[in-house]
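Novice: Below are the sequence and a predicted model for it; my questions follow.
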Amino acid sequence: MTINPILSLVLACCGLFASGLYLGSWLHSSPKPKADLEELVDDAGLFCGWDGLSAVERRKRLALYQRRVRARIAEQERAWLQARLRECAKV
């Protein structure tokens, strides 16, 4: 006879606890506006909020930074080579 009310009370507490966990996770996981990485104009924007990013997001941003740096280096080398070719053509 005493088991029935105790079991009901435990079941009600577990239900409240589970609904509290769900509600808490729902409130804390507000959707963050995900900026498209390609839209970040400067390289400093890639590293804003670095500590709060997941490991996957950090890897994506580092890969984008590496692509940008490689593109800049390639452009500089291309300009240098064109200048060298112009010098050689003058001689």
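Specialist: Perfect, I can see it now.
Novice: So Tyr65 sits against Ala44, correct?
Specialist: No. Assessed by Cβ atoms under 8 Å, Tyr65 is found out of contact with Ala44, at 10.4 Å. Every C-beta, even on glycine, is put in place using the N, C-alpha and C of the backbone.
Novice: what about the two, which has more around it?
Specialist: Counted by other Cβ atoms under 10 Å, Tyr65 and Ala44 do not tie: Tyr65 has more neighbours, with 15 against 8.
Novice: What distance do you get for that one to Asp42?
Specialist: Distance of Tyr65 to Asp42, computed by Cβ to Cβ, to the nearest Å: 11 Å.
Novice: try Glu77
Specialist: In terms of Cβ to Cβ, Glu77 sits 22 Å off from Asp42.
Novice: What ranges does the chain have for its helices?
Specialist: 3-28, 43-46, 55-90 (DSSP state H).
Novice: Redo the ones you listed as TSV? Include mean pLDDT.
Specialist: Formatted as TSV, the helices of the chain follow (pLDDT from 0 to 100):
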stretch	mean pLDDT
helix 3-28	78
helix 43-46	81
helix 55-90	93
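Novice: Out of these, which one sits most buried?
Specialist: helix 43-46 (a mean of 13; mean count of other Cβ atoms under 10 Å).
Novice: can I see the domain layout of the chain?
Specialist: 1-30, 34-91 (automatic domain parsing).
Novice: distance of the residue nearest to the spatial centre of the chain from Gly49?
Specialist: Central residue of the chain (Cα atoms, centre = their mean): Glu57, 3.1 Å from the mean position. As judged by Cβ to Cβ, Glu57 and Gly49 stand 10 Å apart.
Novice: likewise Tyr65?
Specialist: 15 Å.
Novice: again with Gln76
Specialist: On the measure of Cβ to Cβ, Gln76 and Gly49 end up 30 Å apart.
Novice: repeat for Cys14
Specialist: 37 Å.
Novice: Kindly report the same for Leu21.
Specialist: 27 Å.
Novice: Could you do Glu87 as well?
Specialist: Counting by Cβ to Cβ - Glu87 and Gly49 are separated by 46 Å.
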